[in-house]
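Trainee: show me how the following folds:
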Amino acid sequence: MLGLSLYGVMSAFGASLTPVLAWAAGFAAAVLLGGPVFAPRGLAQEGNAVRMPGSWLPLWLMVGIFSAKFALGFATGVGAHVVHEAWFIAAVSAALGLFSGAFAARATAVHRFVRAAHAA
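Mentor: Presented below is the predicted three-dimensional model:
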C-alpha cells in the first residue's frame, strides 16, 4: 500500500519535490504523531493469532482516500487550474500521505503488540 500510495501521488503530480515531500510529511505525521490515535483497540492474542475487534476507522480511511482521489480526478478532468497550484498539490499529497500513514500506524501497533506478547 505504501508503494501504491506514493506511486499515485507521483503519477498525478510527477516526481517533483513538492508532492513527494508533502506526501512524506503527511505519512510521517500519521506514523509518528498519530500512532495512539490510529492504533486498533482491544487487541488480544489467541494462540498464534491476534484478535482485532472490528472498527469503522479503516472504512473511513478508505473513504478518505477515495474522496481525495475522486476530487483530484474530477478537477483534472474538468481542466481546473487549481490542479497546477502548489498549495493544492501539497494539500492533496499530504492528505494521501496521512491516510497511508494511518494504515501504517495501525500495522505498526499490531506488530508491537505481537512482539510484546511473544516477549511476555
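Trainee: just the element for A24, please.
Mentor: helix 17-32 (DSSP states H and E).
Trainee: and the helix or strand harbouring F66, how far from the chain's centre?
Mentor: Following DSSP H and E, the helix or strand that holds F66 is helix 57-77. Relative to its parent chain, helix 57-77 has a centroid offset of 12 Å by CA atoms, centre = their mean, to the nearest Å.
Trainee: ok, stretch 2-9 next?
Mentor: 10 Å.
Trainee: contacting residues around that stretch?
Mentor: P19, V20, W23, F27, K69, V92, S93, L96, G97, F99, S100, A104 (CB atoms under 8 Å, 6 or more residues apart in numbering). Yep, even glycine has a C-beta here, placed from its N, CA and C like the rest.
Trainee: list the buried ones in that stretch?
Mentor: For stretch 2-9, the neighbour count (16 or more other CB atoms under 10 Å) marks S5, L6, G8, V9 as buried.
Trainee: how about stretch 93-112?
Mentor: Neighbour-count burial for stretch 93-112 flags 93-107, 109 (criterion: 16+ other CB under 10 Å).
Trainee: near A28, how many other residues are there?
Mentor: By other CB atoms under 10 Å, the residues close to A28 number 15.
Trainee: that one contacts G101, doesn't it?
Mentor: Yes: using CB atoms under 8 Å, A28 is in contact with G101, at 6.8 Å.
Trainee: how much space separates S11 from H81?
Mentor: 20 Å (CB to CB, to the nearest Å).
Trainee: quick one: distance of stretch 3-20 to the chain centre.
Mentor: That offset, for stretch 3-20, works out to 14 Å (CA atoms, centre = their mean).
Trainee: hang on, the earlier thing: tell me which helix or strand comes right after the helix holding F66.
Mentor: Assigned by DSSP H and E, the successor of helix 57-77 is helix 86-119.
Trainee: so what secondary structure elements neighbour the helix holding F66?
Mentor: Counting by 3 or more CB pairs under 8 Å, 6 or more residues apart in numbering; DSSP states H and E, the packing neighbours recorded for helix 57-77 are helix 2-13, helix 86-119.
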